[in-house]
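*Asks:* Would you be able to build a 3D model of this:
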Amino acid sequence: MKTLTTKLLLTGILASMLAVLSGCQIESAPPASRYVEVRGIGEVTATPDRFQLRASFELTGQDVSAMKQQLDRQLATALGEMSALGIDERHVQASNLRIQPEWQWQPERKLIGQRVSRDLDVTVDGFDTYAEALERLSALDVSALHQSAALVRDLTELQNQALILAVADARHKAQILATAADRELGGASIIIEEGGQMPGPMPMRAMAAEAHSDGPAYTVGETTVQSRVQIRFEIH
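*Replies:* Residues are numbered from 1 along each chain as shown. Have a look, this model is predicted:
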């Protein structure tokens, strides 16, 4: 009987302690946070201001040495034209000589000579200089002239602008939601940059000249930089 009484007493004490501890936990637990979470997108467009082109020089014949000398003269002329435009020599690169056999396939396979070629890659800053470089290279005896890409030099500044716009877009959305829910929008507690879309090289193209134009008109479009963010705002 005494043992049973002791067990009941201990059980009661333990239950009381658990109740007290549970009450303390409830009282000390912080109130559930209230927030709204949104995504923002920012976009900035810009006109490319750095251009890349490739001029290819190619000859086919039997005398490789003579053809090499002719290609060297053509490259030297092209390099002189680019230098006259004020293009930095670091932005001009001439490839090594390439030699390939030239075959005739019909009516039967037959070696008819050698094909030798060299390329000139040029990076130009400024659209007007780019157009002039195209004009000067086109006047030379080039086998092909590739208008390869259009880029933006100050890409970091565009990325920063797009990021600022993305944050503003997220806050605007959060404000609309808070107002609709009759809440007051607080500060941002979590900000996550989700990346974005960076512009790649844009192909250039030369448009046909109009009837009253003295020369070809070159056009370039716009490039877009996009940033995305996810932000959690406190609401009250």
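*Asks:* contacts and neighbour counts: CA atoms only from here.
*Replies:* Fine.
*Asks:* Backbone dihedrals for residue 92, please?
*Replies:* phi -130, psi 130 (degrees, to the nearest 10).
*Asks:* any idea of the pLDDT on it?
*Replies:* Note for residue 92: predicted pLDDT of 96.
*Asks:* gap between the residue nearest to it when sequence neighbours are not counted and residue 135?
*Replies:* Once flanking residues are discounted, residue 92 sits nearest to residue 122: 4.6 Å by CA to CA, 6 or more residues apart in numbering. According to CA to CA, to the nearest Å, residue 122 stands 13 Å off from residue 135.
*Asks:* what's the domain layout of the chain?
*Replies:* Annotated domains of the chain cover 34-46+155-235, 51-151 [automatic domain parsing].
*Asks:* By mean pLDDT, show me the worst of the ones you listed.
*Replies:* Among these, domain 34-46+155-235 carries the lowest mean pLDDT (a mean of 82).
*Asks:* so how far does that one reach from one end to the other?
*Replies:* Termini of domain 34-46+155-235 sit 6 Å apart (CA to CA).
*Asks:* please renumber so the chain begins at 4
*Replies:* Noted, 4 is the first residue going forward, which turns the last one into domain 37-49+158-238.
*Asks:* ok now it, how far from the chain's centre?
*Replies:* Chain-centre distance of domain 37-49+158-238: 13 Å, with CA atoms, centre = their mean, to the nearest Å.
*Asks:* contacting residues for residue 176?
*Replies:* Neighbouring residues of residue 176 by CA atoms under 8 Å, 6 or more residues apart in numbering: 41, 43.
*Asks:* Quick check: it vs residue 73, distance?
*Replies:* Distance of residue 176 to residue 73, computed by CA to CA: 65 Å.
*Asks:* How about residue 237?
*Replies:* Counting by CA to CA - residue 237 and residue 73 are separated by 73 Å.
*Asks:* show me where this structure has strands.
*Replies:* Assigned by DSSP state E, the strands in the chain fall at 38-49, 53-64, 95-97, 101-107, 113-128, 147-154, 188-200, 208-210, 220-222, 226-238.
*Asks:* Can you say which of these is nearest to residue 134?
*Replies:* strand 220-222 (6.8 Å; CA to CA).
*Asks:* buried ones in stretch 102-122?
*Replies:* Going by neighbour count (16 or more other CA atoms under 10 Å), the buried part of stretch 102-122 is 102, 105, 116-122.
*Asks:* Give me the contact list for that stretch.
*Replies:* 57-67, 70-71, 74, 97-101.
*Asks:* Which of these are buried? Put it as a ChimeraX command.
*Replies:* One line in ChimeraX is enough to select the buried members of the contacts of stretch 102-122, burial here meaning 16+ other CA under 10 Å:
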select :57,58,59,60,61,62,63,67,70,71,74,97
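*Asks:* now residue 39, which residues is it bridged with?
*Replies:* residue 236 (DSSP bridges).
*Asks:* ok now do it, which residues does it touch?
*Replies:* Applying CA under 8 Å, 6+ apart to residue 39 gives the contacts 177, 180-181, 235-238.
*Asks:* will you turn those into a markdown table that also has neighbour count and distance to residue 170?
*Replies:* As requested, those are exported to a markdown table (neighbours: other CA atoms under 10 Å; distance: CA to CA, whole Å):
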| residue | neighbour count | distance to residue 170 |
| --- | --- | --- |
| 177 | 25 | 11 |
| 180 | 18 | 16 |
| 181 | 20 | 16 |
| 235 | 21 | 11 |
| 236 | 21 | 11 |
| 237 | 20 | 15 |
| 238 | 20 | 17 |
